[in-house]
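Q: My questions are about this predicted structure, shown below with the sequence.
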Amino acid sequence: MTRPVLVAASALIAALACAIPAVAQAPAGGDTGGGVVRVAKPITGQQVYEAVCQACHMADAKGGTGAGTIPALAGNPKLAAAPYVSMVVVRGQGGMPPFAGTLDDDQIAQVVTYVRTHFGNAYAKPVTAADVAKVPHPDRSGGH
């Protein structure tokens, strides 16, 4: 990886690490009175995708290039292997950070199922939180 790509990837990971937990774990509610607006925790796969994934993978899931290459999820045959997709979301891969600890197993299952059934993908078997729990999580004992 070139230095500009590493710098951009590091900046993106740092921004996500700061911003996503606040969005993903904020209580539902609206204005807190101090001018801070709380955002409801994304629950459905579409909500998780829109709140977390589409910033990099784009609204149409076609990915992009710039400081780095963001893989397309649209029409992606790698999505046929649900355990692989779950592992990538849980543990991260390449420039993508791990989302275990930021998203719970149900949110990961919901977004993996959503991506596998949208954007020109037709992998209908849903992924469950129990399926995601089988993936070694880096933030749980026994994970690497």
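A: Here it is on my side, so go on.
Q: what sits up against stretch 103-122?
A: Stretch 103-122 is contacted by residues 24, 42-46, 48-49, 52-53, 60-61, 73-76, 79, 82, 85-86, 89-90, 99-100, 123-124, 126-133 when judged by Cβ atoms under 8 Å, 6 or more residues apart in numbering. Bear in mind the C-beta positions are built from the backbone N, C-alpha and C, glycine included.
Q: Pull out the buried members of those.
A: Among those, those buried by neighbour count (16 or more other Cβ atoms under 10 Å) are 24, 42, 45, 48-49, 52-53, 61, 73-74, 76, 79, 82, 85-86, 89-90, 99-100, 123, 127-128, 131-133.
Q: and stretch 133-144, average pLDDT?
A: Averaged across stretch 133-144, the pLDDT comes to 72.
Q: Actually, stretch 83-100.
A: 94.
Q: Equivalent analysis for stretch 47-61, please.
A: For stretch 47-61, mean pLDDT is 95.
Q: Tell me the spacing between the residue most central in space within the chain and residue 61.
A: Central residue of the chain (Cα atoms, centre = their mean): residue 53, 4.8 Å from the mean position. Between residue 53 and residue 61 the computed distance is 8 Å (Cβ to Cβ, to the nearest Å).
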